[in-house]
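Asker: This is the structure alone, sequence omitted:
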């Protein structure tokens, strides 16, 4: 979606396990959203679990203060993340970096070169990869602020 004048990316904090619902509502209202998720490598091939990269959070392109009440009162949304009670815009490069790494559906692929005998080790690496990705994004956000 094309960026309109005055729109910035914001982090939206949702109610517990309501990211999909809140994102779908905002998309129906015409907002550009991005919800990065991970497809975990363990489990059956046709039923690999998909988990949020940032549980209870997703990104939305908003024009504040105009869009604030619409977003705030969307089902599933708790609040727009900010500092001192004011929503804080996110640097564009953070979301673009994540979008480049994800598939068009918002899935972040986890590539494992381990043999099937290393399942226990693979699960440990997956958790480490998840936390490393989250830490890198937090570090980028801090640098951008």
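Answerer: On my side now, so go ahead. Predicted model only: the values in this text are computed from it and were never measured.
Asker: contacts and neighbour counts: CA atoms only from here.
Answerer: Will do.
Asker: can you give me the strands for this structure?
Answerer: If DSSP state E is used as the criterion, the strands of the chain fall at 8-14, 32-34, 37-39, 50-52, 57-62, 77-80, 82-83, 86-87, 107-108.
Asker: Could you dump these into CSV with mean pLDDT, mean neighbour count and distance to residue 23 added?
Answerer: Shown next, in CSV, are the strands of the chain (pLDDT from 0 to 100; neighbours: other Cα atoms under 10 Å; distance: least, Cα to Cα, whole Å):
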stretch, mean pLDDT, mean neighbour count, distance to residue 23
strand 8-14, 96, 22, 9
strand 32-34, 95, 19, 7
strand 37-39, 88, 19, 13
strand 50-52, 89, 16, 12
strand 57-62, 96, 23, 8
strand 77-80, 95, 21, 9
strand 82-83, 92, 11, 19
strand 86-87, 92, 14, 18
strand 107-108, 88, 22, 15
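Asker: Dump the ones you listed into JSON lines; add distance to residue 20 as well.
Answerer: Shown next, in JSON lines, are the strands of the chain (distance: least, Cα to Cα, whole Å):
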{"stretch": "strand 8-14", "distance to residue 20": "9"}
{"stretch": "strand 32-34", "distance to residue 20": "10"}
{"stretch": "strand 37-39", "distance to residue 20": "11"}
{"stretch": "strand 50-52", "distance to residue 20": "10"}
{"stretch": "strand 57-62", "distance to residue 20": "9"}
{"stretch": "strand 77-80", "distance to residue 20": "10"}
{"stretch": "strand 82-83", "distance to residue 20": "21"}
{"stretch": "strand 86-87", "distance to residue 20": "21"}
{"stretch": "strand 107-108", "distance to residue 20": "13"}
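Asker: Residue 69 is nearest to which of those strands?
Answerer: strand 77-80 (9.9 Å; Cα to Cα).
Asker: quick one: strands adjacent to the closest one?
Answerer: strand 8-14 (antiparallel) (DSSP bridges).
Asker: Before I go, just wanted to say thanks for your time.
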